[in-house]
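In: pasting a predicted model and its sequence here:
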Amino acid sequence: MAFFKKQLRWIFRLDTGLLFISLLLLTIHTTRNGELSSFLLPEGIYQYNLSMSFDAEGDIGISTYLPDNSDRVEIIDEKLISRDMDVEYRIGTDGRYAQWSGNSVSKTIFYRALVSLQGVRFDISKNLEIPKEYADELTVYLKETSAVPVNHAEIKALWAQIKPNDTSSTYDVLHAIYNYSHHKIKPLPFKGFTDSLTALRLGVASCNGKSRLFASLARLNNLPARLVGGVILNGEKKKTSHQWIEIYIEDHWVPFDPTNGHFASLPRHYVGLYRGDHSMFKRTTNINFDYAFNSKEIKIAPALYRDTATPESFIPNAATLMKELGLPLQTTYIFLLFPMCTLLITFLRNIVGVKTFGIFMPMLIAAASVYTGFFVGLLGFSMVLLLAFISHAVLGKFNILKIPRLASIITITTIVSLIGVSNIAISQNIEFGLLALFPVVIISFAVDRIHQMANESNWHDLLYSAAGTLLTLSLCYLVFSSFLLQGIFSLYPELLLTVLALQLFIGSWSGMRISEIIRFRHLMGHQKNQVLSINGRNRDLIYKHNTETLLQLATNKLETKKCLTQSGVPCPSTLSSCHSYSEVDTFLASMSGQQDFVIKPNKGARGSGILLLAEKKDNGFLSTSRKFWPKPAIKQHVEEILSGSFSQNGDEDDAYIEPMIKQHQSLKSIAPLGLCDIRLIICNGQLISAMLRVPTLKSKGKANIHLGAIGVSVDLETGLTGRSLLYGKEIQKHPDSGKLLGLVQLPFWPEINDIAIQCYISIPLGYMGVDICLDENVGPLVLEVNGRPGLEIQNINKEGIHDVALGAF
Amino acid sequence: MFRSRFFQTGIPYLGLALLFVAAIIYTEFFLERENSVPPVIKIAPSTDEDFESDSDLATRQELPNELVASLLSQISSNGLQIKELLSGAEITTLNQQERAGIIAELAQALSTERDFANIQILLTGLTLDQRLLHNVQFTFAYALSKTGRHKDSIEQYEFFTAANPNAYSALLNQGLLQKKIGAHEKAILIFSTATDISSGFKKAKSLAHLASTEHTLSRYDDAVKHYKKSIEYRPDSPDTWSRLGKALMASGEQYQQSMSAYDKAIALDPKNSRLLLTRANAQLIHYDYVSVTKNFKKTTLLSKNDIKTHRLLAWAYLEQGKRNNAKKHINYLIQHETSRLKKTYAEFLLLYAQEQYKELLSRIKKIKSKTDELRYLKGLANRRSGYYQKALTIFEKLSNSEAYKWRSQIQLARIKRSRKQYQQAIVMFQKLIQHNNAAAFLSFELSLTHESLSQAELALKAINHAITLNDKNKIYLLAKARYLQLLAKPNEAMRIVNQLLEISPNYTRGLRYKATLQLQISDPINAIKTYEKILSLEPSDTTTLKLLATLLIDRAQYTQAQGHLSKLLDEQSDNLDARYLLASAYYKNNQFSQALTELNNILKLDHAHKLAIELIKTINLKTIN
């Protein structure tokens, strides 16, 4: 019965329901439109670029051939940039012709087309005889011209030499011509025009000479032949076009390339531009004309640009819908794959435990890299990051406040990026996607966190996050580049529901991340007291038992203190507080009567923003680490606090002053610098774990373990200290004082326990941490209550708290 | 315990994710490889010319003797002519028997090089007996056929088969040559003999040739029988399947049967654009226009850009009345047709798509020799222009055309319906449906014809058939609702209309019909809602505005009615009925001055408008009292 109940619960879960709907839709979709899968087969898509430039004023005329739809070529998208010039198109039997006229200030013309090309191979039967007659319209391809002589004695003599036995066989004749023009005429890259006779007499020729000789011999044998001019798209930037030949055989124009050795076939990357004996460019003379072709191969699923609609279409193709909105192809598939990337990021963060700078920043960088290429994108990202980091550091020196500083960083990076992009665009003739600029903003925000890590010398986290960012970015790029995923999400948009279901599943999964398996590896073998994971803590304890109101109360230290004091819980007194910029001067004035005190942000976390001032000196104070803080610097620090620089959620904050707590004698000898505190974990009013946090020089007197403080286990029964860990390594003695850290009896232990429970009664968070310090004069004082206490305490005590924490409810 | 803890970690999920990634990478690799091979287009003479080469040649492994080798090298290196060679000392010094042997061997050597011109010169010099003796009679006949001397070749093959009655290759070649010179009956006899003496693949080949010849002679049943027999021996020949399809079509078999033969041909060679085109052509001939357009969505880019494909698609769309889709393909034809005449034909198609029938007819008139395609187009233009008699004559003449017979029959049936010769039209539509019962549009047209004769029961039966073929077609569903209403089944009609509106909730014709039905079943409240929905879709729909206003006036909702009528008059200020209705609404709502203003406006447009005059009198009486 219980088993069936469990299964039923699964069925009625939101994610399972969505998954079911998605798969049902997919099944109906594939059943009704089964043949759609053919739209996933990638086609050879090439980006063909032609740039032309000239250097002259006045009445300029330039014309050239552009790709046109044909048996092998399909234009998917094209763009023309020819500022100030008029352009006219003409489509004829020779090809598609564009003619620019007028004057142009920019003196450049760019043409870019996304073309789908297909290779072709003809299998000509050996029994196919050469026809005696052709239709009238083909006779033009049998005539002789000055460049393609047919009845010339030398051409005839050549044919007499090379002709096959069966001159009536189309295959044999073409084979003989091909063999001669390919093997006997040596290739030489002549730049100019070569007619058939010149090619024959010299025995060497470029593509146009070889093709004309081929045409002469073919026409001599009553085979209609025409020259074809085009470009070989091999990813290079170049100025050379190419010519080959086409022979009319049984309703087909069959290609032959005697230069590169293609008999009755043509590879995919040949794009034909014109048919007949023409020149590629025509232009006004003396204009210093220059041009270049370049190309890039893109693997893409036809589902993204081909019309897949059928009368039975069940769910429309997402790319077609977006095309109707006018979105370019690349933007379309990036947009379609955003959910998949977010799923990937969710997986990496919540299941693997990868940390990144900014949650979705790697995805946006990867999206921008689709326009620029991965390595260029990565380089751009690093450059922008470096620039932002330097700007952050430099502006920090000028004591610029956080928000204006971030704004300035964005402006600086944008200016520098724009200069870079425009330079690239001019020199490389490529267009930069607008999206490439977008991550600048994100990076600028991320840099604040990076800078904070660097300031704290938290290099481990910095490197870990950098590696995580790089990994996530690379994987997101792979997702964006996957033609299969592009096609699948376009053809079957119902799969987005599957993605949503998986995201919800991850959101409801409270298992242990892979990074946590490494972090808590020493606890993994334990048969009892399982390790509490971050997902488990959040889902099973915090979301379930900590109300939002109480969490907000715990974040607000002043309010917490007020609440605790009312319940008789001892807390450090508040000397003064500051809630707005207008109160800053009064607030600073209140310090004048103090010798040593602490300035704290009201909603700070992880010890950030806390300023420990130990001694008055000249017009300022010396901090506990003996750094001099002049009054203006202190004022700026207070303003930073008010602006929310150290606030957990980035909102505006309050600052307050507490008296400097004097370390209790029993701990003073162990930790000469800073203030130790005792972290107690309480679940549903039960104490379940405790540790002592001992500051070091490395942690700059702060008791935060991730900053380099020592974690010391504490026996809940006796208050006796046990094993100590510094950066995950077990130590026996304090690195600064050399004192033994183990077997120290914490004073006031029963009182500490009572105070902790009293905290729970005042602020009844189901799962909470209470930080208590020991003052020399007044004994235990509650520093703060934490609604989301960390999990490192398990490593310190070498014992998981999963079972005991959940068992408390 | 350990297992359950393991499944509570991210490891199994990471494993699954890695498997997913591996599957994606593998599939991409596989798909990429699959698509990197270019399509191969075969260019070969038709199978009628599929001559057998001399099978004996393959078995001759012996090297030529020294003299033959020397003669061969003289021919290839010195360009020695055969006649010079025959008169040279090396040959003339030989005795007659040796000479014949050397010439025969030389001919055999040349046949491997396919030098047929020289072979026939060489072997003409030998007697029949010598050629038979030295096994070169077949070579001689073959060389004659390859050099275009078909009749001589037949004669030599006959000599050969007289001496070797079981020589399959000779018989087959002989049959092909007979067919080539138009002696079909003889060809049939020879192919029959070849079939009798052969087995397996060879039998399949001769049976296919036999069937092909029978098809040429319009003996379609025999052709079908022999193609089927051929397929029994060679089921993997796409060409034979395709030809069987064609023969089945010609024999008057049901369309679906012949189509299944075409489908098999394509299943065997899916990338063969010629086969796809053949099937599409058959589909067009047999008015399966939807399949033509549907099938080309699946074909390769290569065939999509083929001129013939565009021509077929243009016609298929024109026949479906999808003129804009047709124009796309016609423009392609205009741009890419190399022949001037074909380009002109494409321009004619464009004129037809643009409904410029007069211009089209005047241009067709200038063309002297007309193809069947042009005649059909002319017939269509005449029918569209209302010149039924001219159209009738053209379509009747086309009844003999294999390509246009069926489509002409449809046009004839349509003309009969337009001329109210409903019974004749019904018979014709029924015949057409019997031939291809997947043509839903014909069942629909049949139902319309029945409706014209008030045969609602029969109309319903016909439309039900159309709906079984295409249950999403709005027009069919609406027609069905109409027939049900005629049969006094308004509730069933309402169910169909609701079904239709589920498919297309914003289909105004359907909504309008729904409102009519609602009024019929005395549900004016919902009728008003339906009319309001129509107006939310088409706010200026004057018919609906008027109907709704009338309904509202009947229900004494004058203010709303006035609003709708004012809107209507914004669109049609000269609509006297609407203006009178508005005046009535004002009158009934006791807004006499507004009513008088509207009535005076009516009289400005029509000073003798009786109803307006009477209402003015009534109002005047009321206001005086």
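Out: Yep, it's here.

In: which residue packs closest to whichever residue of the stretch 251-400 of chain A sits closest to chain B, ignoring adjacent ones?
Out: Minimum separation of the stretch 251-400 of chain A from chain B (Cβ to the nearest Cβ) falls at A:Ile351, amounting to 4.0 Å. C-beta: built from backbone N, CA, C; applies to glycine. Of all residues not flanking A:Ile351 in the chain, B:Gly10 sits nearest, at 4.0 Å (Cβ to Cβ, 6 or more residues apart in numbering or on different chains).

In: tell me who's in contact with that neighbour.
Out: B:Gly10 makes contacts with A:Ile351, A:Val352, A:Gly353, A:Gly511, A:Met512, A:Arg513, A:Ile514, A:Ile517, as judged by Cβ atoms under 8 Å, 6 or more residues apart in numbering or on different chains.

In: same deal with B:Glu445?
Out: Counting by Cβ under 8 Å, 6+ apart, B:Glu445 has contacts B:Ala413, B:Arg414, B:Arg417, B:Phe429.

In: immediately after the helix or strand hosting it, which helix or strand?
Out: Assigned by DSSP states H and E, B:Glu445 belongs to helix B:440-452. Downstream of helix B:440-452, the next assigned helix or strand under DSSP H and E is helix B:456-469.

In: list the helices and strands that following helix packs on?
Out: The elements that helix B:456-469 packs onto, with contact taken as 3 or more Cβ pairs under 8 Å, 6 or more residues apart in numbering or on different chains; DSSP states H and E, are helix B:440-452, helix B:474-486.

In: can you count the residues close to A:Lys237?
Out: 12 (other Cβ atoms under 10 Å in any protein chain shown).

In: let me fix that, I meant to ask about B:Lys42.
Out: 13.

In: for it, which non-adjacent residue is closest in space?
Out: Spatial nearest neighbour of B:Lys42, chain neighbours left out: A:Asp123 (4.6 Å); criterion: Cβ to Cβ, 6+ apart.

In: so where does the one you found fall, helix or strand?
Out: Going by DSSP H and E, A:Asp123 is in strand A:120-124.

In: what pairs with that strand, parallel or antiparallel?
Out: strand A:265-266 (antiparallel), strand B:40-43 (parallel) (DSSP bridges).

In: show me the one of those that comes nearest A:Phe20.
Out: strand B:40-43 (45.0 Å; Cβ to Cβ).

In: mean confidence score for the closest one?
Out: For strand B:40-43, the mean per-residue pLDDT is 74.

In: now do the buried residues in that strand.
Out: Residues B:Ile41, B:Ile43 are the ones in strand B:40-43 that count as buried (16 or more other Cβ atoms under 10 Å in any protein chain shown).

In: quick one: that strand to chain centroid distance?
Out: 23 Å (Cα atoms, centre = their mean, to the nearest Å).

In: also stretch A:628-643?
Out: Taking the mean of its C-alpha atoms, stretch A:628-643 sits 37 Å from the chain's own mean (Cα atoms, centre = their mean).

In: tell me the contacts of the residue nearest to B:Lys42?
Out: Contacts of A:Asp123 (Cβ under 8 Å, 6+ apart): A:Ala264, B:Val40, B:Ile41, B:Lys42, B:Ile43, B:Ala44.

In: what's the first-to-last distance across stretch B:583-596?
Out: Terminal residues of stretch B:583-596 lie 7 Å apart, using Cα to Cα, to the nearest Å.

In: find the helix or strand that B:Val556 is a member of.
Out: For the record, residue B:556 is Ala, not Val. Judged by DSSP H and E, B:Ala556 forms part of no helix or strand.

In: isn't it right up against B:Lys588?
Out: Yes. Contact criterion Cβ atoms under 8 Å: B:Ala556 and B:Lys588 qualify, at 7.3 Å.

In: which of the two has more residues huddled nearby?
Out: B:Lys588 (13 against 10).

In: nearest to chain B: which residue in the stretch 701-809 of chain A?
Out: A:His802 (9.7 Å).
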